[in-house]
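> only the shape, not the letters, is given here:
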């Protein structure tokens, strides 16, 4: 997808966030390399914004995401 740029906001009106520690309790979208991985509620986040956990929901287990791997969070 050469020449395409990532939108500043998703369809739902969310914006890219780097302050993961501030997102506990918020519904977020998790993206990796331009693909949405999942949408969920932030259960816990590290104080240094390095990682966050999306709460378990239904059959889905709690999931950990880290910024150093390239994950992005939109809220």
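Great, that's in hand. The structure presented is a predicted model; accordingly, all values stated were derived computationally and were not measured. Numbering: from 1, shown residues only.
> residues contacting the residue nearest to residue 45 when sequence neighbours are not counted?
Of all residues not flanking residue 45 in the chain, residue 52 sits nearest, at 3.9 Å (C-beta to C-beta, 6 or more residues apart in numbering). For the C-beta atoms, the positions are set from N, CA and C on the backbone; glycine is no exception. Residue 52 makes contacts with 20, 23, 42, 44, 45, 46, 64, 65, 73, as judged by C-beta atoms under 8 Å, 6 or more residues apart in numbering.
> neighbours of the first one, how many?
Which is residue 20. With neighbours defined by other C-beta atoms under 10 Å, the count for residue 20 comes to 23.
> ok, the fourth one next?
Look at residue 44: counted by other C-beta under 10 Å, it has 15 neighbours.
> the second one too?
Each residue near residue 23 was counted by other C-beta under 10 Å, and the total is 18.
> could you check the pLDDT of it?
As predicted, residue 23 sits at a pLDDT of 97.
> pretty sure it sits against residue 65.
No. In this structure residue 23 lies outside contact range of residue 65 using C-beta atoms under 8 Å: 11.3 Å.
> and for those two, which residues touch both?
By C-beta under 8 Å, 6+ apart, the residues touching both residue 23 and residue 65 are 52, 73.
> sweet, I'm off.
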